[in-house]
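1. Quick check, what structure comes out for this input:
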Amino acid sequence: MPRAEKTLALETTPEKTPLNSQAYLILLLLFIGVFCNGMIVPFMGFFIIDELGRDPWEISIYVGLVSVLTLLMNRQFGERFDKGARVRPLIAISAFAFLTATTTLSLYPSYWVIVGFISICFSFSNASTSLMYSFGRAYAEKQGMAITAYNSYLRSMTSLGWMMAPALSFFLAGQWGNSFVFYTAASLAVLWVILWFFVVPTDFTAAAKEPSSQQASSEHKSLNHGLWLAATACLFIAGAHILTSAALPLYFTQEAKLPTYAPGLAFAIKCLTEVVVILMIPYAMQKYSPRTALYAATLIAMPTFYILSQVDSLPQLVVGAALEGLYYGIFAGVSITFVQSFANGRLGRATSLYMNSLFLGGMLGNVSMGLIASAYSYQTAIQLSLIIITIALVVLIASRRSDRAVESGLSV
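-> Have a look, this model is predicted:
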């Protein structure tokens, strides 16, 4: 194994302090926050049309506002974290913003209130995931816990939350009406606030790391190329993943003529495989570096996209869904550690950039799917993911030289 990859692997080997009760509570706090956001994010478009009777194009105004504001909030929270701001007030802003938004929607559901006020609240709550990743990583470092292992557990909480929350929202809406979704979300937000009060230490800040004069000079002269290349690779992988994920349900039912339950079956198999793989990542990282794992993820993704684009039976669907969960589980389990390895002491900035890359990749993937499917087919959209994942692999290879900077602590 090359020297730089050995360095990355050794830094993240799960060999130190076992998880304590506080570490588990941080995972629970992240899960509740993700679950709250997961209940609302995919539901709002449906609510705006079904409950408020607005036109589909009006969803774009809301989504555009929330998207831009979330990107900005991720960056702001990351910068404040790196400057030594206390974590407790920042997490409080996210939790109380979500509670305020869902309570307002429960009492006064109006489109213009959603656009002018609720969108701002949800941008603050959406930024909590990036902040929790930074908080969890910093806590693991201070306690001497294995970083890759704890990052994987953090990422698995996100996957679990998104597996369950959207389904719960639409189930509640179908059984008791749209407003009941907001009542439930507001109730969970109260739990989020209670957990925040008891879990987050009052004085916790990121560990102070004074950059050397050489490092400070380097950061002023140029961008951290390694960090930006790592985030760009994540953007392309996320884009390919979302492009395929968005196209698969319609491809299965409309073009492959599979039963209507096929998309749900594929999603369940994919998510189950993904979570299992994420939880196994810490053990694999005892032998392999995050970079090597990302190479494997992209190489597995290539035949996966081809197989998924050729599915015409349920057995093929099962194989394709399992492979999708395998490659994305590897990516999800190691990507945050990989990006953070280029942080150069600015953990919040690196984590927010990582989250923004996933967010942008997902947004571009969703938009592209509609355009490609309209012009060609859903199958074509899935096949295009092959090209995008190949670009991601090229970017990963191009960032290889930046590993020297990880060893020395300097940006390239």
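2. Report pLDDT for residue 2.
-> We note a pLDDT of 46 for residue 2 in this prediction.
3. got the residue ranges for the helices in the stretch 101-250 of the chain?
-> Per DSSP state H, counting those that start in this stretch, the stretch 101-250 of the chain carries helices over the ranges 111-113, 119-126, 128-143, 147-176, 178-199, 213-221, 225-250.
4. Reformat the ones you listed as TSV; add mean neighbour count and distance to residue 56.
-> For glycine as for every other residue, the C-beta is placed from the backbone atoms N, C-alpha and C. Written out in TSV, the entries for the helices of the stretch 101-250 of the chain read as follows (neighbours: other CB atoms under 10 Å; distance: least, CB to CB, whole Å):
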stretch	mean neighbour count	distance to residue 56
helix 111-113	13	13
helix 119-126	23	17
helix 128-143	23	27
helix 147-176	20	18
helix 178-199	18	17
helix 213-221	12	45
helix 225-250	24	16
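5. Nearest approach to residue 287 belongs to which of those?
-> Closest approach to residue 287 among those (CB to CB): helix 147-176, 11.8 Å.
6. what's the angle between that closest one and helix 178-199?
-> 150 degrees (axes from the mean of the first three to the mean of the last three CA atoms, to 10 degrees).
7. which helices and strands does helix 147-176 pack with?
-> Of the remaining helices and strands, those touching helix 147-176 by 3 or more CB pairs under 8 Å, 6 or more residues apart in numbering; DSSP states H and E are helix 21-40, helix 43-50, helix 128-143, helix 178-199, helix 262-284, helix 314-340.
8. okay if I get those helices as CSV plus mean pLDDT and distance to residue 154?
-> Rendered in CSV, the data for the helices and strands packed on helix 147-176 read as follows (pLDDT from 0 to 100; distance: least, CB to CB, whole Å):
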stretch, mean pLDDT, distance to residue 154
helix 21-40, 94, 6
helix 43-50, 85, 24
helix 128-143, 91, 5
helix 178-199, 94, 14
helix 262-284, 87, 10
helix 314-340, 93, 8
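9. mind putting those helices in CSV, distance to residue 230 included?
-> Rendered in CSV, the data for the helices and strands packed on helix 147-176 read as follows (distance: least, CB to CB, whole Å):
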stretch, distance to residue 230
helix 21-40, 22
helix 43-50, 31
helix 128-143, 15
helix 178-199, 30
helix 262-284, 17
helix 314-340, 5
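10. Tell me which of the ones you listed sits nearest to residue 156.
-> In this view, these are compared for proximity to residue 156 by CB to CB, and helix 262-284 is the closest at 4.5 Å.
11. follow-up on the earlier one: I'd like the helices of the stretch 101-250 of the chain as CSV, with distance to residue 364 appended.
-> Formatted as CSV, the entries for these read as follows, by distance: least, CB to CB, whole Å:
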stretch, distance to residue 364
helix 111-113, 26
helix 119-126, 17
helix 128-143, 19
helix 147-176, 19
helix 178-199, 28
helix 213-221, 28
helix 225-250, 5
